[in-house]
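Visitor: Sequence below, structure please.
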Amino acid sequence: MDPMRHTRMIFAVFDRSRRFVVGAAVAAAIVLIAVGSAYAAPGDLDSAFSGSGFALGPAGATATGVAVQSDGKIVAGGGQFVLARYNPDGSLDTSLGSGGTTQPLGFGDANALVLQPDGKIVAAGSRCYPCAFALARYNADGSLDSGFGSGGLAFASFSPSASYNDFGAMAVALQSDGKLVAVGNVGDPFGNNAFGAVRFNPDGSLDSSFGSGGLAMATFYYWEQADARAVAIQPDGKIVVGGSAAGQFVLARFNPDGTLDGTFGSGGIARPAFGHAYTVTLQGDGKIVEAGQDLSGFELEVARVNADGSPDGSFGSAGTATMNFLPTAVYVAALAVQVQTNGKLLAAGTASGNNTFFALARFNPDGNLDTGFGNNGSVLTTFQGTIGQGADALALQTDGRIVAAGFANPSSGGTEFAVARYLGDPIGATPLRIDIKPGEFPNIIDLGSRGTIPVAVLSTPDFNAPGQVVTSSLSFGRTGNESSLASCSPAQDVNRDGRLDVLCHFSARRTGFQLGDTQGVLTGTTVDGTPIRGTDSVVVVRPS
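Guide: Numbering: from 1, shown residues only. Just a heads-up that it's a prediction; the model follows:
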């Protein structure tokens, strides 16, 4: 395997054993996330997990994949195809393998994992020599599944092999029909690297109906060495592969038969940003999110494209959003990205300065940093008793909590799995009665307005809006995640029912409304921290 798994740039921060390679003296004090703070908030470590918010071990490997089971247990994988499973309280689940972990398989590295609905666990990575894509499928108890491949293992190799990058699976995804798609780098007929997608049948055999003998490729110019890192399956069965080539984010989309999708980008390939991409995910509206680092390596970078591969102009600057952790950390890369149920984008990775950190950043749906998460949108975490750590993988629990997995270097030496759980946004907001532009109907939203939009939160017999709503927490717009609050008026009876209501005004230009939107969404919290949400109809019109 390539010793620089995450970046091939000259300022790469870690070698494969996770020893610190390049750093910078940083005079500023390191700001850490405190456990047990007086007011728990999104981005804080969850002290209900191992009592500290993090769990370390097993030793000797890095966790490069993580997933949450339907029962709340957390599965992490990495190293020489080692699995570890943690109970919801952070303790190792002794029903898996030996004491909660499986034994190394003795070859290659596992780079990703996926859970099947039947409880089986698939890890994907490499085997050398000869080099090949490698998949291992485990039963729920951690034993290899003898009904998959040969003794639970399936391999795929093609000729010629890749010239510059790893030859093996860097990511894996499960189709709705039970087939598995693994992606990585393969060699094209001219000896150059290409994006490779390999599809396996549910029994571990190669799917000959896909591409050529089970392999589909996206090739580039001879001087563009490809680096495929991520995969996602669309609801229509199309396969999105993310990675980099020639210093650019690259997305390739394949039809279900393995041919490139000519309706996407240019001939099936889109290049949404400059930089190095390591992860990809899908939004429910068909948009695609890719994340990594900019060309300098100083900034975490997220790009979003429309379903046709064109940059999404409603996100960040021309479809791209960036952030850095200066001065505490210099170099940073997003190695995993997820879309939360509220539409916010959460990225996780590794940042380095005078230490190395689990690094998290959260963006609102419009690409602006979510200032309500961590320290103005970002979190840097170190663990007690370690001299270095970094996140490689990310998963979301159904209750909104956030799980990141990667590595830790204990002060005693070596490398071990590290899993951290953070507080997220509570799922299940209390519904509100709201009235957009009180006294008017329909509620016209003029996209050219530079003024404010009044929104009333109405009291009911069971809800005293002025006494319960934290007005400073309110957000309003097309998704409810837009930081558009301008001001709030004194409590008043807006709808003349004898009860005082809350009336606030929101910057029209920051609400993010688009032509075709039919509702406005207001979100916030009550004084006891309960999330609240209300909607009302809107009619969005072109600038008048």
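Visitor: Could you tell me the end-to-end distance of stretch 503-518?
Guide: Start and end residues of stretch 503-518 are separated by 21 Å (CA to CA, to the nearest Å).
Visitor: pLDDT of stretch 367-379, averaged?
Guide: In this model, stretch 367-379 has an average pLDDT of 91.
Visitor: likewise stretch 390-400?
Guide: Mean pLDDT, computed over stretch 390-400, is 93.
Visitor: Over to stretch 229-245?
Guide: For stretch 229-245, the mean confidence score works out to 97.
Visitor: Restrict it to CA atoms and write it as CSV.
Guide: The C-alpha trace of stretch 229-245 is given here as CSV (Å, rounded to 0.1, in the frame of the first residue of the first chain):
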residue,chain,number,x,y,z
ARG,A,229,-11.4,7.3,-3.0
ALA,A,230,-15.1,7.1,-2.6
VAL,A,231,-18.4,5.7,-3.9
ALA,A,232,-22.1,6.3,-3.5
ILE,A,233,-25.1,4.6,-5.1
GLN,A,234,-28.0,6.8,-6.3
PRO,A,235,-31.6,5.6,-5.9
ASP,A,236,-31.8,5.0,-9.6
GLY,A,237,-28.8,2.6,-9.4
LYS,A,238,-26.3,4.9,-11.0
ILE,A,239,-22.8,4.8,-9.3
VAL,A,240,-20.9,7.9,-8.3
VAL,A,241,-17.2,7.6,-7.8
GLY,A,242,-15.2,10.4,-6.2
GLY,A,243,-11.5,11.2,-6.2
SER,A,244,-8.9,13.4,-7.8
ALA,A,245,-6.9,13.8,-10.9
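Visitor: In space, not sequence, find me the middle residue of the chain.
Guide: For the chain, the residue whose C-alpha lies nearest the mean C-alpha position (CA atoms, centre = their mean) is residue 337; its distance is 1.6 Å.
Visitor: so what's that residue bridging to?
Guide: Under the criterion DSSP bridges, residue 337 forms beta bridges with residue 347.
Visitor: contacting residues around it?
Guide: With contacts defined as CB atoms under 8 Å, 6 or more residues apart in numbering, the neighbours of residue 337 are 279-281, 289-291, 302, 345-348, 394. All C-beta atoms are positioned from the backbone trio N, CA, C, and that covers glycine.
Visitor: How about residue 80?
Guide: For residue 80, the residues meeting the contact criterion (CB under 8 Å, 6+ apart) are 61, 104-110.
Visitor: of all the contacts of residue 337, which comes closest to residue 527?
Guide: residue 346 (26.4 Å; CB to CB).
Visitor: Would you confirm that that closest one contacts residue 402?
Guide: Yes: here residue 346 reaches residue 402: they are 6.5 Å apart, a contact under CB atoms under 8 Å.
Visitor: between these two, what contacts are shared?
Guide: With CB under 8 Å, 6+ apart applied, the overlap between the contact sets of residue 346 and residue 402 consists of 360, 394, 396.
Visitor: among those residues, which ones are buried?
Guide: For those, a neighbour count by 16 or more other CB atoms under 10 Å gives the buried set as 360, 394, 396.
Visitor: give me the element the first one is part of.
Guide: In this structure, residue 360 is located in strand 356-363 according to DSSP states H and E.
Visitor: list the buried ones in that strand?
Guide: Using 16+ other CB under 10 Å as the burial criterion, the residues of strand 356-363 that qualify are 356-363.
Visitor: next one: stretch 136-153
Guide: In terms of neighbour count (16+ other CB under 10 Å), stretch 136-153 has its buried residues at 136-140, 142, 144-145, 148-149, 152-153.
Visitor: Which ones among these lie within strands?
Guide: Residues from these lying in strands, with DSSP state E as the criterion: 136-138, 153.
Visitor: related to what we said a few turns ago, could you dump the contacts of residue 80 into a markdown table with neighbour count, secondary structure and distance to residue 89 added?
Guide: Converted to a markdown table, the contacts of residue 80 look like this (neighbours: other CB atoms under 10 Å; DSSP: H, G, I helix; E, B strand; the rest coil; distance: CB to CB, whole Å):
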| residue | neighbour count | secondary structure | distance to residue 89 |
| --- | --- | --- | --- |
| 61 | 25 | coil | 23 |
| 104 | 14 | coil | 26 |
| 105 | 19 | coil | 29 |
| 106 | 8 | coil | 32 |
| 107 | 15 | coil | 33 |
| 108 | 24 | coil | 32 |
| 109 | 25 | coil | 29 |
| 110 | 30 | strand | 25 |
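Visitor: What ranges does this protein have for its helices?
Guide: Taking DSSP state H to define them, one finds helices in the chain at 465-468.
Visitor: By mean pLDDT, which helix or strand of it comes out lowest?
Guide: strand 430-431 (a mean of 82; mean pLDDT, DSSP states H and E).
Visitor: Name the strands paired with it and say parallel or antiparallel.
Guide: Strands adjacent to strand 430-431 in the sheet, as given by DSSP bridges, are strand 531-537 (parallel).
Visitor: Now do the partner strand: distance to the chain's middle.
Guide: 26 Å (CA atoms, centre = their mean, to the nearest Å).
Visitor: so what's residue 258 up against?
Guide: Listed by CB under 8 Å, 6+ apart, the contact partners of residue 258 are 197, 199, 210-212, 215-216.
Visitor: one more time with 6 Å
Guide: Residues in contact with residue 258, defined by CB atoms under 6 Å, 6 or more residues apart in numbering, are 210-211, 216.
Visitor: mind putting these in JSON lines, neighbour count and pLDDT included?
Guide: Below are these laid out as JSON lines (neighbours: other CB atoms under 10 Å; pLDDT from 0 to 100):
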{"residue": "210", "neighbour count": "24", "pLDDT": "98"}
{"residue": "211", "neighbour count": "19", "pLDDT": "96"}
{"residue": "216", "neighbour count": "25", "pLDDT": "95"}
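Visitor: any chance of the residues you listed in JSON lines, plus distance to residue 177?
Guide: Conversion of the contacts of residue 258 to JSON lines gives the following (distance: CB to CB, whole Å):
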{"residue": "210", "distance to residue 177": "12"}
{"residue": "211", "distance to residue 177": "16"}
{"residue": "216", "distance to residue 177": "17"}
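Visitor: ok, those residues vs residue 100, which is closest?
Guide: residue 210 (35.9 Å).
Visitor: The residue lying closest to residue 174 once chain neighbours are set aside: how many residues sit nearby?
Guide: Setting aside the residues directly before and after it, residue 174 is nearest to residue 114 in space (CB to CB, 6 or more residues apart in numbering), at 5.0 Å. When counting by other CB atoms under 10 Å, one arrives at 23 neighbours for residue 114.
Visitor: and residue 114, bridged to which residues?
Guide: So, taking DSSP bridges as the rule, residue 114 has residue 122 as bridge partners.
Visitor: gap between the closest residue to residue 43 other than its chain neighbours and residue 213?
Guide: Using CB to CB, 6+ apart and skipping the chain neighbours, the partner closest in space to residue 43 is residue 374 (3.2 Å). Using CB to CB, to the nearest Å, we find residue 374 at a distance of 47 Å from residue 213.
Visitor: between the two, which one's more packed in?
Guide: residue 374 (23 against 12).
Visitor: From residue 470, how far out is that one?
Guide: Residue 374 sits 19 Å away from residue 470, taking CB to CB as the criterion.
Visitor: What residues does the nearest residue to residue 251 once chain neighbours are set aside make contact with?
Guide: If you skip the residues right next to it in sequence, residue 251 has residue 270 as its closest partner in space, 4.5 Å away by CB to CB, 6+ apart. With CB under 6 Å, 6+ apart as the criterion, the residues that contact residue 270 are 251, 305, 309.
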